[in-house]
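Novice: can you look at this prediction? I've put the sequence above it.
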Amino acid sequence: MSNQDDNQPKARWGLVALVTALGALVIGVPFALTKWVNPEFGTPQSLGSTALINVGTTLLLAALLVWLGRSFVSHAEGAARRVVEERTEEFRQETEDIRQRLEALQGRVDERTASAEAAGAAVADDIVTDVSYETVTRALELANDVEALWHSAITVPTNDSIDAPAVRLSWTAAHHGGRFDDLDNLIATLEVDYEHHPESSTRRFDQEWLPGVPADEMLHELKESMIRADYGEAAQALDARYMFERFGHGISDAIAGKRAQADAWLKGCGALHELVGADLAVTSLGVAARGHGLAFKSSEFPQRPPPVVSAEQLTNRKLYRLPTPPVPDGIDPEHWTVAIARAAEHHPPVRRPGIPDFGGYGIPVTSANSPVPRD
């Protein structure tokens, strides 16, 4: 038997029989009293008529009670059903309102995300269209907003040769008076780095690009500084168009990778540090290769020996050898060798990858703390 049948009320037939017997006994009492006690209790005809009238009245009352009971139950069931339906409709409306509000919220979030992704993707076009102090700092701010650049800087080649000198662009807050929160003097700094040229001078310098200075004037001063530092050949080979194209695409790729966009070749590769050729990048996590993701991890680089402070340490010091991992498919071997050498200068890092060292690199300038007015 099903649970539904078990829950149905069961008739109590013994009680029904007892009540029926008592009713019959009570009806028979007047007749017995008339016959055996006193005839004045009434004639059998009058007693029978009275009994029939009472039985009929009782049956009518029972029928009325049954009808009224069913009507009451029906009315109560209808009222309860209407209450349930009303509450159900209210709940459905509330649920629909919540769903619509959540969908509207998700739509606004998606719209903001799409706008941010579009802004990052437009960096390359903006730089190609107009190289200026405003567009370059804006690009770096967008990257700094999501910490897409390691130490808030990007290093790009100055021409398309294998061993091209690199220019480092950063947009950070300078420290004044020993304070690390001074944002009164924010400057974009172009730093020329020739450390990957062993035969070159080790002299380094920064070229400040100040507000209001046109790109051609800044580049002229940069090349003059390179010439004064004995980098005349590199200055002659500096290709401004190529340099800023790589800068724009590098910023866009770094932002897309940090946002983990579906088509981003730097997705999951950490913050960008330096571009090597068109398909390789040194990042906070190692060396990334287009189509291969993180091709050589920071942890796979051997530890460099500690600095020598005594003759005994110099005697016992082990030579550091660059790793020679296999070249990923489709990647230029010469560029791969250069990328591994550049990455070995930073990996494995002393600090955890991705954590800016404000003491040495300055405070990143973002859209939130930028001193440059934006439309």
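Specialist: Structure received.

Novice: outline the domain layout of the protein.
Specialist: 20-121, 132-364 (automatic domain parsing).

Novice: check which helix or strand covers the residue lying closest to residue 240 once chain neighbours are set aside.
Specialist: Ranked by C-beta to C-beta, 6 or more residues apart in numbering and with sequence neighbours excluded, the top spatial neighbour of residue 240 is residue 219, at 5.4 Å. Any C-beta I mention is one placed from the backbone N, CA and C, and that applies to glycine too. Using DSSP states H and E, residue 219 sits in helix 215-228.

Novice: residues contacting the next helix-or-strand element following that helix, please?
Specialist: Next along the chain after helix 215-228, taking DSSP H and E as the criterion, comes helix 232-237. With C-beta atoms under 8 Å, 6 or more residues apart in numbering as the test, helix 232-237 has contacts from 158, 159, 161, 164, 165, 194, 223, 224, 226, 227.

Novice: phi first, then psi, for the first one.
Specialist: Same thing as residue 158. Main-chain dihedrals, residue 158, degrees, to the nearest 10: phi -90, psi -10.

Novice: pLDDT on stretch 93-109, on average?
Specialist: For stretch 93-109, mean pLDDT is 87.

Novice: mind exporting the C-alpha coordinates of it to PDB?
Specialist: Below are the C-alpha coordinates for stretch 93-109, written out as PDB (Å, rounded to 0.1, in the frame of the first residue of the first chain):
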ATOM      1  CA  GLN A  93       7.400  38.300  -9.400                       C
ATOM      2  CA  GLU A  94      10.100  38.900  -6.700                       C
ATOM      3  CA  THR A  95      12.200  36.200  -8.300                       C
ATOM      4  CA  GLU A  96      11.800  37.700 -11.700                       C
ATOM      5  CA  ASP A  97      12.600  41.200 -10.300                       C
ATOM      6  CA  ILE A  98      15.800  39.800  -8.700                       C
ATOM      7  CA  ARG A  99      16.700  38.000 -11.900                       C
ATOM      8  CA  GLN A 100      16.200  41.100 -13.900                       C
ATOM      9  CA  ARG A 101      18.300  43.200 -11.500                       C
ATOM     10  CA  LEU A 102      21.100  40.600 -11.500                       C
ATOM     11  CA  GLU A 103      21.000  40.500 -15.300                       C
ATOM     12  CA  ALA A 104      21.200  44.300 -15.400                       C
ATOM     13  CA  LEU A 105      24.100  44.200 -13.000                       C
ATOM     14  CA  GLN A 106      25.900  41.600 -15.000                       C
ATOM     15  CA  GLY A 107      25.200  43.600 -18.100                       C
ATOM     16  CA  ARG A 108      26.800  46.700 -16.600                       C
ATOM     17  CA  VAL A 109      29.800  44.700 -15.400                       C
END
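
Novice: how close does the residue nearest to residue 240 sit to residue 71?
Specialist: Residue 219 sits 97 Å away from residue 71, going by C-beta to C-beta, to the nearest Å.

Novice: same question for residue 345.
Specialist: 93 Å.

Novice: one step back: quick one, which of residue 219 and residue 71 is more surrounded?
Specialist: Set residue 219 next to residue 71 and count neighbours by other C-beta atoms under 10 Å: residue 219 wins out with 19 against 10.

Novice: so how far is residue 207 from the more buried one?
Specialist: From residue 219 to residue 207 the distance is 9 Å (C-beta to C-beta).

Novice: tell me the helix or strand right after the longest helix anywhere in the chain.
Specialist: Longest helix in the chain by number of residues (criterion: DSSP state H): helix 44-121. Using DSSP H and E, the helix or strand that directly follows helix 44-121 along the chain is helix 123-129.

Novice: let's see that following helix as PDB, backbone CA atoms only.
Specialist: The C-alpha coordinates for helix 123-129 follow below in PDB (Å, rounded to 0.1, in the frame of the first residue of the first chain):
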ATOM      1  CA  VAL A 123      46.500  51.400 -27.300                       C
ATOM      2  CA  ALA A 124      48.500  50.100 -30.300                       C
ATOM      3  CA  ASP A 125      46.300  52.100 -32.800                       C
ATOM      4  CA  ASP A 126      46.500  55.200 -30.600                       C
ATOM      5  CA  ILE A 127      50.300  55.100 -30.400                       C
ATOM      6  CA  VAL A 128      50.700  54.500 -34.100                       C
ATOM      7  CA  THR A 129      48.200  57.400 -34.900                       C
END
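
Novice: and the next helix or strand past it?
Specialist: Heading C-terminal from helix 123-129 (DSSP H and E), you reach helix 133-145.

Novice: who are the packing partners of that next one?
Specialist: helix 44-121, helix 123-129, strand 166-173, strand 186-193, helix 240-258 (3 or more C-beta pairs under 8 Å, 6 or more residues apart in numbering; DSSP states H and E).
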